[in-house]
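> Please work out how this folds:
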Amino acid sequence: MTGPEPPLDAEAVRQQMRRILASDTFAHSERLSRFLRFTVEQAVAGNAAKLKEYYVGVEVFDRTPSYDPRTDPIVRVEARRLRLKLDEYYDLAGARDPIRIRFPKGSYAPAFEINAGPRRRPAIPHDWRNVALVASLGFALIAGARWAALSRAAGAVNQYTPALDSAAAAFWRGFFAPGVRNVAVFGSPVFLASEGNRFFIRLPHVNDATTLLSSPDVLALQSRFGALEGPRYDYAQMGDAIALHRLTAFLAGHGAPLTGVPAHLATWEGLKDGNIVFLGAPRMNPLLNRLAGQQDFEWGADQVLYNRRAQPGEETRWETKSHRDSITYAVISSLPGLRPDRRILLLTSHMTAGSLAAIDFVTGAEGVRLLSEKVRPGKNPHFQLVLRVYVDRDNPVRAEYVTHHVVASPPK
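Predicted coordinates:
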């Protein structure tokens, strides 16, 4: 019978902490970085017992001695965010790190252990972190009627049995190959905060952290309220979460696991070995701006879908007048992947209803068979296709084929 494992070396723990703080996951999270650094240093110095909510609030979040944790939940809120960030880090960049730093639930003192690799996921991954984010968003940002409409849309039963027909097999070619990694990138809404003024805000037109400081909207806020904290990624879009769940259920039902990655953590380097699916509104996914090659059908910031290489008889633009419009558009693009045997799939729209309609189209029998007739993906695996989507109270009720262009060769 062996005894307990010896405690990890303090310097090795500090090296692991520095590795985490230098990662892209924590690069723009100054407050969480401070939280992690302080608690780790206290723990390796033998002061873990002091890491109570009041002590952390005063030492990390600059609360005054009169701070009352019962009325100010700052430490509990940030501890939850820190646990999520650490999970994201160890699921991606830190999967092979030697040491795992984690915070047991209900504790503000970190635990240190040998890293056994990414946590095991269920066969159909309905990630609890996404559920928590969606629930928060539902209460904070979305009216009950919208949640009901989208839930009805999410409840649609997939029409396929486990045996794919020839049309579906041709379209999903490569996603079911043994050992292949399938990744879905979904939007990361950018939030900003001002702790001194006690507000937390989302600017709909600010979606790329790299241009944050040059945004006129952000500059106007800073001139009025002073320096802002951010970017922060505290919530997921409800529609993106439903889209991710629906696509995950379809692929997992055919034995192909799917990993969801929020857009702010997605890099071409990290995605290059797998099949990649981009979900939702392109404005929420800055990585699409750096996608190699020109897109024939290109989304504009003005809710317009532009046809950059219009063929005879085609419209040059399709417009969604507002987020409450009864008609919107979606684009389904199947493009060459970053490796010769991989693919990039875009299921995009300005509206949630359009994105869900695109997923229904490529996972439902009727849509895939129509796609097979129009595009012939077995012969033309790379293409871009436009759907017109009819919407009722944010719910897609019908989608119809508009046009498509074949991508003859990989983008240069």
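
> So, low pLDDT: which residues of the stretch 51-200 of the chain?
Residue ranges of the stretch 51-200 of the chain with pLDDT under 70: 117-164.

> so which strand or helix has Arg369?
Using DSSP states H and E, Arg369 sits within helix 365-375.

> Now do that helix: which elements does it pack against?
Here helix 365-375 touches helix 166-171, helix 352-363, strand 383-392, strand 395-406, going by 3 or more C-beta pairs under 8 Å, 6 or more residues apart in numbering; DSSP states H and E. Quick note: C-beta positions are derived from backbone N, CA and C, even for glycine.

> Go through it and flag the buried ones.
Gly367, Val368, Leu370, Leu371, Ser372, Val375 (16 or more other C-beta atoms under 10 Å).

> Would you tell me which one of these comes nearest to Ser333?
When those are compared for distance to Ser333 (C-beta to C-beta), Val375 wins out at 11.3 Å.

> Report the contact partners of the closest one.
Residues near Val375 by C-beta atoms under 8 Å, 6 or more residues apart in numbering: Phe383, Leu385, His404, Val406.

> Among the residues you listed, which one has the most neighbours?
Within the contacts of Val375, Leu385 tops the neighbour count with 23 neighbours, counted by other C-beta atoms under 10 Å.

> Quick check: bridge partners of that residue?
Leu385 has these beta-bridge partners by DSSP bridges: Ile332, His404.

> close enough to count as contact, it and Leu345?
No: judged on C-beta atoms under 8 Å, Leu385 makes no contact with Leu345 at a distance of 11.3 Å.

> Would you mind grabbing the residues shared as contacts by the two?
Joint contacts of Leu385 and Leu345 (C-beta under 8 Å, 6+ apart) are Ile332, Ser333.

> correct me, but Gly174 touches Arg181?
No: with contact defined as C-beta under 8 Å, Gly174 does not reach Arg181; the gap is 11.3 Å.

> which neighbours do those two share?
With C-beta under 8 Å, 6+ apart as the test, Gly174 and Arg181 both reach Asn275.

> just how off-centre is stretch 70-86 within its chain?
Stretch 70-86 sits 21 Å away from the centroid of its parent chain (C-alpha atoms, centre = their mean, to the nearest Å).

> which residues are contacting that stretch?
Residues from elsewhere that reach stretch 70-86 (C-beta under 8 Å, 6+ apart): 20, 25-26, 29, 31-32, 35-36, 53, 56-57, 60-61, 63, 69, 101-103, 105, 108, 129, 132, 234.

> now swap in stretch 360-368 and tell me
By C-beta under 8 Å, 6+ apart, the surrounding residues in contact with stretch 360-368 are 156, 158-160, 165, 167-168, 171, 246-247, 250, 330, 332, 345, 347, 370-371, 387, 396, 399.

> What distance separates the opening and closing residues of that stretch?
9 Å (C-alpha to C-alpha, to the nearest Å).

> thinking again about what came up before, return the member of the contacts of Val375 nearest to Ile114.
Closest to Ile114, out of all of the contacts of Val375 and judged by C-beta to C-beta, is Phe383, at 47.5 Å.

> Which positions in stretch 194-204 come out as buried?
Using 16+ other C-beta under 10 Å as the test for burial, stretch 194-204 gives Ser194, Ile201, Leu203.

> ditto for stretch 185-193
Buried-residue list, stretch 185-193, by 16+ other C-beta under 10 Å: Val185, Phe186, Gly187, Ser188, Pro189, Val190, Phe191, Leu192, Ala193.

> how about that stretch as PDB, C-alpha atoms only?
Written as PDB, here are the backbone C-alpha positions of stretch 185-193 (Å, rounded to 0.1, in the frame of the first residue of the first chain):
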ATOM      1  CA  VAL A 185     -16.200  28.000 -33.200                       C
ATOM      2  CA  PHE A 186     -19.000  30.100 -31.800                       C
ATOM      3  CA  GLY A 187     -19.300  33.800 -31.100                       C
ATOM      4  CA  SER A 188     -17.700  35.600 -28.100                       C
ATOM      5  CA  PRO A 189     -19.700  38.700 -27.300                       C
ATOM      6  CA  VAL A 190     -17.300  41.400 -25.900                       C
ATOM      7  CA  PHE A 191     -18.200  43.000 -22.600                       C
ATOM      8  CA  LEU A 192     -16.600  46.000 -20.900                       C
ATOM      9  CA  ALA A 193     -16.800  46.900 -17.200                       C
END
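
> Skipping its backbone neighbours, what lies nearest the most centrally placed residue in the chain in space?
The residue lying closest to the centre of the chain (C-alpha atoms, centre = their mean) is Pro262, at 2.2 Å. Excluding its sequence neighbours, the residue lying closest to Pro262 (C-beta to C-beta, 6 or more residues apart in numbering) is Ser188, at 4.6 Å.

> who's in contact with that neighbour?
Ser188 sits in contact with Tyr233, Ala236, Pro262, Ala263, His264, Leu265, Met284, Asn285, where contact means C-beta under 8 Å, 6+ apart.

> now do Pro104
Neighbours of Pro104 in contact, by C-beta under 8 Å, 6+ apart: Ala111.
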